[in-house]
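>>> Okay, here's the prediction I keep looking at, along with the sequence it came from:
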Amino acid sequence: QVQLQESGPGLVKPSQTLSLTCTVSGGSITTNYYYWSWIRQPPGKGLEWIGYIAYSGNTYYSPSLKSRTSISRDTSKNQFTLQLSSVTPEDTAVYYCARAESSGGAMGYWGKGTLVTDSS
């Protein structure tokens, strides 16, 4: 059973960089052909997909967030990390990591989510 767990600071100062890590257990992040995503949900709004890092290490980001987003991985720790720069109050959200079985497919496994708030 694959499990995902988000971790990172719950408060981020304006203009700083948000950094979250997803630790995966029960399966390797390098296994073909899984895609490891970050998704967020602002208060009172719907889910917004941020981007993914594929089993191969390739990354793809939402066009609306691409200029501020970086997703990387540490295969030795079976973790992948989100960095979102130049944070504003609009970045306040619950952030989830998740796994899909194709690049455009539905997420089959999700973390529980972690709330990140702009400290302003």
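Happy to help now that I have it.
>>> When you work out contacts or count neighbours from here on, use the C-alpha atoms and nothing else.
Will do.
>>> and the residue nearest the centre of the chain, how far is that from Ala93?
With distances taken as Cα atoms, centre = their mean, the chain has Trp38 as the residue nearest its mean C-alpha position (2.5 Å). Taking Cα to Cα, to the nearest Å as the measure, Trp38 falls 12 Å from Ala93.
>>> ok, back up a step: mind checking which helix or strand the closest residue to the residue nearest to the centre of the chain other than its chain neighbours is in?
In space, and not counting its chain neighbours, Trp38 is closest to Cys97: 4.6 Å by Cα to Cα, 6 or more residues apart in numbering. Taking DSSP states H and E as the criterion, Cys97 maps to strand 93-100.
>>> could you give the mean pLDDT of that strand?
Average pLDDT, strand 93-100: 97.
>>> Give the helix, strand or coil label for the nearest residue in space to Val87 that is not next to it in sequence.
Nearest residue to Val87, sequence neighbours excluded (Cα to Cα, 6+ apart): Ser15, at 4.7 Å. Secondary structure, DSSP: H, G, I helix; E, B strand; the rest coil: Ser15 is coil.
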